[in-house]
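Peer 1: Mind looking at a prediction? Sequence and model below.
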Amino acid sequence: MNDFFTPKEDFFEQVFAVVKLIPKGRVTTYGAIAEYLVAKKSARVVGYAMNASHSLLDKIPAHRVVNRNGLLTGKMHFATPDTMQNLLEMEGVVVENNQIVDFKKILWLPIEEL
DNA sequence: AATGTGACATACC
DNA sequence: TGGTATGCCACAT
């Protein structure tokens, strides 16, 4: 209907919306978001959205989004490679060797929580 | 309009 | 058991 308040149904907006809903101290995966958006095939696009988050004024906790292995693959895209891990640890997430400890425990799945 | 790219995921060897 | 290859789909150029 009205697209006045609808920024666009771009995949990005949906991805950002979910990422911003990630509770502090929790993490999620690209595949989980993509799956929540019924586009699990487009997991790459989810990551691509994160790349675009740099241009947005919205604060996207991209550091809470990791790959399926719980590995901080996107750390290199932050200001510094240490930024991502630092932010996670600051929120209580234990990261070791660029990998999240007890990843499955703190994994937050929007498809289940929402 | 077409080609290239990528912060993933899965399959195969 | 781990690296290589391909698929995937939306955005950028």
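Peer 2: Done, it's in.

Peer 1: what's around the residue in chain A positioned nearest to DNA strand B, how many residues?
Peer 2: Minimum separation of chain A from DNA strand B (Cβ to the nearest atom of the strand) falls at A:G74, amounting to 1.8 Å. Quick note: C-beta positions are derived from backbone N, CA and C, even for glycine. Around A:G74 there are 18 other residues, counting by other Cβ atoms under 10 Å.

Peer 1: For the residue nearest the centre of chain A, give its distance to A:V45.
Peer 2: In chain A, the C-alpha nearest the mean C-alpha coordinate belongs to A:V65, at 3.0 Å (Cα atoms, centre = their mean). Per Cβ to Cβ, to the nearest Å, A:V65 is found 13 Å from A:V45.

Peer 1: show me what contacts the residue lying closest to A:P110 once chain neighbours are set aside?
Peer 2: Sequence neighbours aside, A:Y36 is the residue nearest to A:P110 in space, at 4.4 Å (criterion: Cβ to Cβ, 6 or more residues apart in numbering). A:Y36 makes contact with A:18, A:109-111, A:114, according to Cβ atoms under 8 Å, 6 or more residues apart in numbering.

Peer 1: all strands for chain A, in order.
Peer 2: Along chain A, the segments classed as strands by DSSP state E run A:28-29, A:65-66, A:95-96, A:99-100.

Peer 1: and A:F5, what pLDDT?
Peer 2: The predicted local confidence for A:F5 comes out at a pLDDT of 38.

Peer 1: brain fart, A:M1
Peer 2: At A:M1, pLDDT is 43.

Peer 1: ok, A:V66 - contacts?
Peer 2: With the criterion set at Cβ under 8 Å, 6+ apart, A:V66 makes contact with A:27-30, A:72-74, A:100, A:103.

Peer 1: quick one: which of those residues is nearest A:A52?
Peer 2: For A:A52, the nearest member of the contacts of A:V66 is A:G74. The distance, counting by Cβ to Cβ, is 12.6 Å.
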